[in-house]
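Colleague: Just the structure for this:
(one chain, ligands or ions: 1)
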Amino acid sequence: MASLLASKLQLLLPLTLLLLFTYQPTTAREYRVGGDDGWDIGVNYLSWSEQYRFSTGDVLVFSYVKGQHNVYHVMEEAFRSCNTTKGVIKTYASGNDRIELSNATTLYFICNIKGHCQGGMRLRITAERTAASGGAPTLLSSPPPMSPSPSQPSVPPHGNDVSGGASGIWVPTLMLTLIFHVMLGF
Ligand SMILES: [Cu+2]
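Modeller: Down below sits the predicted model:
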(Lines give C-alpha, C1' and ligand atoms only; values in the text may rest on other atoms or scores of the structure.)
Protein backbone atom coordinates (compact mmCIF):
# COMPACT_ATOMS: atom_id res chain seq x y z
CA MET A 1 0.00 0.00 0.00
CA ALA A 2 2.74 2.40 1.00
CA SER A 3 4.71 1.83 -2.20
CA LEU A 4 1.54 2.18 -4.27
CA LEU A 5 0.77 5.44 -2.55
CA ALA A 6 4.33 6.59 -3.07
CA SER A 7 4.17 5.89 -6.78
CA LYS A 8 0.90 7.73 -7.06
CA LEU A 9 2.35 10.70 -5.25
CA GLN A 10 5.36 10.60 -7.53
CA LEU A 11 2.98 10.96 -10.42
CA LEU A 12 0.99 13.67 -8.71
CA LEU A 13 3.89 15.91 -7.75
CA PRO A 14 4.94 16.98 -11.25
CA LEU A 15 1.28 17.41 -12.16
CA THR A 16 0.71 19.67 -9.17
CA LEU A 17 3.82 21.70 -9.93
CA LEU A 18 2.74 22.04 -13.55
CA LEU A 19 -0.67 23.34 -12.47
CA LEU A 20 0.88 25.77 -10.02
CA PHE A 21 3.29 27.25 -12.55
CA THR A 22 0.95 27.49 -15.51
CA TYR A 23 -1.98 28.88 -13.57
CA GLN A 24 -2.56 32.61 -14.08
CA PRO A 25 -5.54 34.10 -12.26
CA THR A 26 -7.48 36.53 -14.44
CA THR A 27 -7.73 39.02 -11.63
CA ALA A 28 -6.33 42.31 -10.48
CA ARG A 29 -2.88 43.44 -11.50
CA GLU A 30 -0.69 46.13 -10.11
CA TYR A 31 0.87 48.67 -12.45
CA ARG A 32 3.76 50.91 -11.53
CA VAL A 33 2.93 54.07 -13.46
CA GLY A 34 5.77 54.85 -15.86
CA GLY A 35 7.39 51.46 -15.32
CA ASP A 36 10.97 51.77 -14.07
CA ASP A 37 10.85 55.56 -14.48
CA GLY A 38 7.94 55.92 -12.10
CA TRP A 39 6.01 59.19 -11.81
CA ASP A 40 8.49 61.82 -12.99
CA ILE A 41 9.22 64.53 -15.50
CA GLY A 42 10.37 63.42 -18.93
CA VAL A 43 8.32 60.23 -19.12
CA ASN A 44 5.80 59.73 -21.91
CA TYR A 45 2.75 58.46 -20.05
CA LEU A 46 0.70 58.14 -23.20
CA SER A 47 3.05 55.59 -24.69
CA TRP A 48 3.40 53.90 -21.32
CA SER A 49 -0.37 53.52 -20.89
CA GLU A 50 -0.85 52.31 -24.47
CA GLN A 51 1.14 49.18 -23.65
CA TYR A 52 -1.57 47.82 -21.39
CA ARG A 53 -5.22 47.01 -21.09
CA PHE A 54 -6.46 48.13 -17.71
CA SER A 55 -9.32 46.39 -16.00
CA THR A 56 -11.49 47.19 -13.03
CA GLY A 57 -9.76 45.96 -9.89
CA ASP A 58 -6.30 46.78 -11.20
CA VAL A 59 -4.17 49.08 -9.08
CA LEU A 60 -2.05 51.99 -10.26
CA VAL A 61 0.99 52.77 -8.16
CA PHE A 62 2.43 56.27 -8.51
CA SER A 63 5.97 56.08 -7.27
CA TYR A 64 8.03 59.27 -6.77
CA VAL A 65 10.12 61.15 -4.23
CA LYS A 66 7.68 62.59 -1.73
CA GLY A 67 7.52 66.38 -2.03
CA GLN A 68 8.93 66.47 -5.56
CA HIS A 69 5.65 65.49 -7.19
CA ASN A 70 2.07 64.72 -6.31
CA VAL A 71 -0.93 63.06 -7.91
CA TYR A 72 -4.17 64.89 -8.58
CA HIS A 73 -7.09 62.79 -9.75
CA VAL A 74 -8.96 65.33 -11.85
CA MET A 75 -11.81 65.79 -14.29
CA GLU A 76 -11.05 65.72 -18.01
CA GLU A 77 -11.07 69.53 -18.32
CA ALA A 78 -8.39 69.96 -15.65
CA PHE A 79 -6.38 67.20 -17.32
CA ARG A 80 -6.48 69.08 -20.62
CA SER A 81 -5.82 72.54 -19.23
CA CYS A 82 -3.47 71.62 -16.36
CA ASN A 83 -5.57 74.07 -14.38
CA THR A 84 -6.64 72.72 -10.99
CA THR A 85 -8.71 75.67 -9.75
CA LYS A 86 -11.61 73.32 -10.30
CA GLY A 87 -12.24 69.73 -11.30
CA VAL A 88 -10.08 68.10 -8.62
CA ILE A 89 -11.54 64.80 -7.42
CA LYS A 90 -8.84 63.63 -5.03
CA THR A 91 -5.22 64.41 -4.25
CA TYR A 92 -2.35 62.15 -3.24
CA ALA A 93 1.15 63.03 -2.05
CA SER A 94 2.64 60.05 -0.23
CA GLY A 95 5.26 59.24 -2.85
CA ASN A 96 3.78 55.75 -3.16
CA ASP A 97 0.13 56.31 -3.98
CA ARG A 98 -1.97 53.26 -4.71
CA ILE A 99 -5.14 53.91 -6.65
CA GLU A 100 -7.55 51.13 -7.51
CA LEU A 101 -9.45 51.30 -10.79
CA SER A 102 -12.81 50.53 -9.26
CA ASN A 103 -15.08 51.50 -12.14
CA ALA A 104 -15.08 50.91 -15.87
CA THR A 105 -14.39 54.51 -16.79
CA THR A 106 -11.65 56.90 -17.86
CA LEU A 107 -9.55 58.43 -15.11
CA TYR A 108 -7.32 61.49 -15.39
CA PHE A 109 -4.25 62.16 -13.27
CA ILE A 110 -1.83 65.05 -13.29
CA CYS A 111 1.03 66.31 -11.16
CA ASN A 112 0.10 69.66 -9.67
CA ILE A 113 3.62 70.93 -9.01
CA LYS A 114 4.03 74.08 -11.07
CA GLY A 115 4.94 73.32 -14.66
CA HIS A 116 4.96 69.54 -14.27
CA CYS A 117 1.58 68.90 -15.91
CA GLN A 118 2.53 71.03 -18.90
CA GLY A 119 5.85 69.20 -18.87
CA GLY A 120 4.11 65.91 -19.47
CA MET A 121 3.14 64.58 -16.05
CA ARG A 122 -0.39 63.68 -16.97
CA LEU A 123 -1.96 60.30 -17.38
CA ARG A 124 -5.24 59.17 -18.83
CA ILE A 125 -6.31 55.62 -18.03
CA THR A 126 -9.37 53.77 -19.24
CA ALA A 127 -10.37 50.75 -17.21
CA GLU A 128 -12.50 48.10 -18.83
CA ARG A 129 -14.87 45.94 -16.87
CA THR A 130 -13.41 42.52 -16.14
CA ALA A 131 -15.44 39.45 -17.03
CA ALA A 132 -15.12 38.35 -13.41
CA SER A 133 -16.84 41.48 -12.13
CA GLY A 134 -20.10 40.43 -13.72
CA GLY A 135 -20.51 43.00 -16.46
CA ALA A 136 -22.59 42.25 -19.53
CA PRO A 137 -20.59 41.27 -22.60
CA THR A 138 -19.62 44.31 -24.63
CA LEU A 139 -20.21 44.50 -28.33
CA LEU A 140 -17.06 45.78 -29.92
CA SER A 141 -17.07 47.16 -33.42
CA SER A 142 -13.30 47.63 -33.28
CA PRO A 143 -10.85 44.73 -33.54
CA PRO A 144 -10.00 42.97 -30.27
CA PRO A 145 -7.44 44.89 -28.22
CA MET A 146 -3.81 43.84 -28.40
CA SER A 147 -2.71 40.99 -26.23
CA PRO A 148 0.53 41.03 -24.24
CA SER A 149 3.63 39.27 -25.57
CA PRO A 150 3.19 35.54 -26.25
CA SER A 151 5.98 34.54 -23.87
CA GLN A 152 4.02 35.90 -20.92
CA PRO A 153 0.39 35.37 -21.83
CA SER A 154 -1.28 37.43 -19.14
CA VAL A 155 1.34 39.30 -17.14
CA PRO A 156 2.38 42.67 -18.57
CA PRO A 157 6.09 43.59 -18.28
CA HIS A 158 5.61 46.00 -15.39
CA GLY A 159 2.48 44.57 -13.89
CA ASN A 160 2.28 42.03 -11.14
CA ASP A 161 -0.55 39.85 -10.11
CA VAL A 162 -1.50 41.02 -6.69
CA SER A 163 -4.28 38.73 -5.65
CA GLY A 164 -5.99 35.57 -6.62
CA GLY A 165 -9.38 36.98 -5.79
CA ALA A 166 -12.39 34.72 -5.51
CA SER A 167 -11.46 32.67 -8.56
CA GLY A 168 -8.02 32.01 -7.01
CA ILE A 169 -9.41 29.36 -4.68
CA TRP A 170 -10.46 27.07 -7.51
CA VAL A 171 -7.09 25.67 -8.43
CA PRO A 172 -6.01 24.84 -4.85
CA THR A 173 -9.42 23.26 -4.28
CA LEU A 174 -9.10 21.24 -7.45
CA MET A 175 -5.63 20.07 -6.48
CA LEU A 176 -6.73 19.08 -2.97
CA THR A 177 -9.63 17.11 -4.39
CA LEU A 178 -7.26 15.40 -6.81
CA ILE A 179 -4.84 14.51 -4.03
CA PHE A 180 -7.62 13.03 -1.88
CA HIS A 181 -8.95 10.97 -4.76
CA VAL A 182 -5.53 9.58 -5.56
CA MET A 183 -4.76 8.79 -1.89
CA LEU A 184 -8.08 7.08 -1.35
CA GLY A 185 -7.58 5.10 -4.53
CA PHE A 186 -10.62 6.36 -6.41
CU1 LIG B 1 5.60 66.55 -10.71
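Colleague: Can you pull the residues of this structure lying near the ion?
Modeller: 69, 111, 113, 116, 121 (Cβ under 5 Å from the ion). Quick note: C-beta positions are derived from backbone N, CA and C, even for glycine.
Colleague: how about 8 Å then?
Modeller: Residues of the chain lying near the ion by Cβ under 8 Å from the ion: 39-41, 64, 68-70, 111-113, 116-117, 119, 121.
Colleague: Take those residues and lay them out in a markdown table including secondary structure, neighbour count and pLDDT.
Modeller: Formatted as a markdown table, the residues of the chain next to the ion follow (DSSP: H, G, I helix; E, B strand; the rest coil; neighbours: other Cβ atoms under 10 Å; pLDDT from 0 to 100):
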| residue | secondary structure | neighbour count | pLDDT |
| --- | --- | --- | --- |
| 39 | coil | 28 | 98 |
| 40 | coil | 17 | 98 |
| 41 | coil | 15 | 96 |
| 64 | coil | 24 | 98 |
| 68 | coil | 13 | 98 |
| 69 | strand | 22 | 98 |
| 70 | coil | 21 | 98 |
| 111 | coil | 25 | 98 |
| 112 | coil | 19 | 98 |
| 113 | coil | 16 | 98 |
| 116 | coil | 19 | 98 |
| 117 | coil | 22 | 98 |
| 119 | coil | 13 | 96 |
| 121 | coil | 27 | 98 |
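Colleague: what's the closest of the residues you listed to residue 51?
Modeller: Nearest to residue 51 among the residues of the chain next to the ion, counting by Cβ to Cβ, is residue 39 at 16.1 Å.
Colleague: for residue 124, helix, strand, or coil?
Modeller: At residue 124 the chain is in strand, as set by DSSP: H, G, I helix; E, B strand; the rest coil.
Colleague: Distance check, it against the ion.
Modeller: 16 Å (Cβ to the ion, to the nearest Å).
Colleague: Walk me through the domains of the protein.
Modeller: 1-25+164-186, 28-163 (automatic domain parsing).
Colleague: just flag whichever of those has the lowest average confidence.
Modeller: When those are compared on average pLDDT, domain 1-25+164-186 comes out lowest at a mean of 56.
Colleague: Pretty sure residue 62 sits against residue 109.
Modeller: Yes: using Cβ atoms under 8 Å, residue 62 is in contact with residue 109, at 7.4 Å.
Colleague: anything in contact with each of those two?
Modeller: By the contact definition Cβ atoms under 8 Å, 6 or more residues apart in numbering, residue 62 and residue 109 are jointly contacted by 33, 71, 99.
Colleague: if I pick the last one, what's in contact with it?
Modeller: Same thing as residue 99. 59, 60, 61, 62, 71, 73, 92, 107, 109.
Colleague: Please apply the same query to the first one.
Modeller: For residue 33, the contact set (Cβ under 8 Å, 6+ apart) comprises 39, 45, 48, 60, 61, 62, 63, 109, 123.
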